[in-house]
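J.: Okay, here's the prediction I keep looking at, along with the sequence it came from:
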Amino acid sequence: MPTVEKIIEKMKAQPNGIRPEEIKKVLGAYGYRLDRQKGSHMQFINDKGDVLTIPDRTPLRAVYVKDVLSRISK
């Protein structure tokens, strides 16, 4: 299983080919937890109250991957 650092490198290099499982692993490493899942969307939240909604489809569109990258780089 790839490490979080390798997944982040992959997200930066090719944002269109990321799976939801990889996003879950990265978000978990940065303090986000799966708050709930309703239908095809997962909602993550961190301790600061930042909420992030990601669709559960493979592959994820680049806009969601770039949003995750911007949130974890703060």
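T.: All right, it came through fine.
J.: so where does the residue at minimal distance from the centre of the chain fall, helix or strand?
T.: Centroid-nearest residue in the chain: Ile23, 3.2 Å away (criterion: C-alpha atoms, centre = their mean). Counting by DSSP states H and E, the secondary-structure element that holds Ile23 is helix 20-29.
J.: I'd like to know which elements that helix is packed against.
T.: Using 3 or more C-beta pairs under 8 Å, 6 or more residues apart in numbering; DSSP states H and E as the contact criterion, the secondary-structure elements in contact with helix 20-29 are helix 4-13, strand 41-45, strand 51-55, helix 62-72. C-betas here are computed from N, CA, C, even on glycine.
J.: mind giving me CSV with the ones you listed and columns for mean pLDDT?
T.: What follows is the helices and strands packed on helix 20-29, written out as CSV (pLDDT from 0 to 100):
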stretch, mean pLDDT
helix 4-13, 95
strand 41-45, 96
strand 51-55, 95
helix 62-72, 95
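J.: now those as CSV including distance to Tyr30?
T.: What follows is these, written out as CSV (distance: least, C-beta to C-beta, whole Å):
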stretch, distance to Tyr30
helix 4-13, 8
strand 41-45, 10
strand 51-55, 10
helix 62-72, 5
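J.: Tabulate those (a markdown table), appending mean neighbour count and distance to Arg33.
T.: As requested, the helices and strands packed on helix 20-29 are arranged in a markdown table below (neighbours: other C-beta atoms under 10 Å; distance: least, C-beta to C-beta, whole Å):
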| stretch | mean neighbour count | distance to Arg33 |
| --- | --- | --- |
| helix 4-13 | 14 | 15 |
| strand 41-45 | 17 | 6 |
| strand 51-55 | 15 | 11 |
| helix 62-72 | 15 | 14 |
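J.: Assign a three-state SS to Pro59, would you?
T.: Under DSSP: H, G, I helix; E, B strand; the rest coil, Pro59 falls in the coil class.
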